[in-house]
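> please work out how this folds:
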Amino acid sequence: MSTNYRISTFITLGEQLTNALRVGTLKPILEKATEENAWFTQASIQTAIQAICENMLQPEALNRWLANYPIPNGLAPKNVGVVMAGNIPLVGFFDLMCVCICGHRCRVKYSSKDRVLMEWIVRTLRQIDPSIDIEPLAPNTPIDALIVSGSDSTLLHFQKQYDELPCLLRGTRHSLAVLSGTESPEQLDGLAEDIFLYFGLGCRNVSRLFVPTGYDFNTLCTRLAQHPVSHRPYLNNYRQSRAIRTMNGTPMIDGGFFLLCKEEGDDNRISEIAYSTYDTLGEVERWIADHDDRIQCIVSEIIRHPRLTGFGQAQHPSLTDYPDGIDVIDFLLRI
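Sure, this is the predicted structure:
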């Protein structure tokens with residue numbers, strides 16, 4: 001692999017983060033981040049850091065990933081704006097890494113929800129490699145391309161402002177699981193992580209289930225109940241949703257800290273898991289095809305899909321699990 005890609009910087013970052021997790025030196029940054037965002041916990045932040053280290057910053061994985069692309073000889077560095085979401089800890093890291101590893105100049109608009117962690121990562125990168133070029137994205141900052149992650153309204157705003165530039169625009173998406181009814185206890189444990197990790201706030205969190213007609217929810221609820229969520233903001237949402245559905249007489253299965261709701265729309269709230277039944281997998285595949293532009297990933301072992309992942313792996317994307325299935329490195333090499 002050519003040194004044109006800034007691989008060594010991110011290998012060193014992975015080593016430093018791994019060591020910080022091991023020796024426990026992250027307490028000050030964890031405390032500050034949780035003070036700034038009530039939905040972040042020290043445990044969830046450490047989980048996010050560990051996932052990045054294990055899935056994105058290993059030397060073999062980095063070299064294997066970038067070996068799929070042409071060596072960027074003579075690639076002129078461009079100013080690439082990155083507008084970050086902040087729904088889960090360090091969700092903007094991958095885009096920042098992609099821009100910097102290609103040798104471009106990164107111009108960042110941090111989310112106020114995740115500013116503490118991302119600014120800490122940037123400071124660490126600068127200590128490792130002072131030549132790395134990361135600066136804030138201001139309204140008058142000249143940029144050559146733009147990557148935006150956020151709500152649909154956020155996308156519309158930046159699309160209008162930078163309509164003449166090459167853009168990657170990522171709006172609201174959700175993830176789902178397709179069950180056969182024969183899943184093992186270990187698979188259902190993995191599904192619990194796919195649903196509840198980061199309190200269901202990520203676009204890769206499973207928020208909808210497809211189950212066969214006649215599915216016995218008792219086994220699923222019993223297994224999910226072994227992974228309780230005790231975070232106060234989450235439980236407040238659960239109690240509110242339960243109260244609203246009770247007052248409205250809306251059917252639900254109450255799991256004690258989550259609600260299983262037979263819904264067809266995508267507007268389910270925190271703590272709610274929508275479900276639909278199917279008679280044939282063809283029905284599911286047609287539904288997925290009709291809604292694919294709103295789906296981030298699918299957890300299943302019984303259907304095929306380009307963004308398929310295994311049970312317990314939804315929140316552990318690899319370097320090639322590009323958001324929305326769009327190749328970020330290819331985009332950056334073409335601007």
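> pLDDT below threshold where in the stretch 151-300 of the chain?
266 (pLDDT under 70).
> touching, Arg242 and Leu259? I think so.
Yes: Arg242 is within contact range of Leu259, at 6.2 Å (criterion: Cβ atoms under 8 Å). (C-beta placed from N, C-alpha, C; glycine too.)
> in a strand, Gln46, correct?
No: Gln46 is assigned helix when assessed by DSSP: H, G, I helix; E, B strand; the rest coil, not a strand.
> overlap in contacts of Arg242 and Leu259?
Met252 (Cβ atoms under 8 Å, 6 or more residues apart in numbering).
> which parts of the stretch 1-150 of the chain are strands?
Using DSSP state E, counting those that start in this stretch, the strands of the stretch 1-150 of the chain run over 79-83, 105-109, 134-136, 145-149.
> which parts of the shortest one are buried?
For strand 134-136, the buried set under the neighbour-count rule, 16 or more other Cβ atoms under 10 Å, comprises Ile134.
> so how far is that strand off the chain centroid?
On the basis of Cα atoms, centre = their mean, to the nearest Å, strand 134-136 is displaced by 22 Å from the centre of the chain it belongs to.
> please identify which of the strands of the stretch 1-150 of the chain is closest to Glu272.
strand 145-149 (23.3 Å; Cβ to Cβ).
> now do whatever helix or strand comes next after the closest one against strand 79-83, angle only.
Note on strand 145-149: by DSSP states H and E, the next helix or strand toward the C-terminus is helix 152-161. Compare the direction of helix 152-161 with that of strand 79-83 by axes from the mean of the first three to the mean of the last three Cα atoms, to 10 degrees and you get 160 degrees.
> any idea how far helix 152-161 is from the chain center?
20 Å.
> show me what that helix is packed against.
Helices and strands touching helix 152-161, as assessed by 3 or more Cβ pairs under 8 Å, 6 or more residues apart in numbering; DSSP states H and E, comprise strand 145-149, strand 167-170.
> what does that helix contact?
Val83, Leu146, Val148, Cys167, Leu169, Arg170, Gly171, Thr172.
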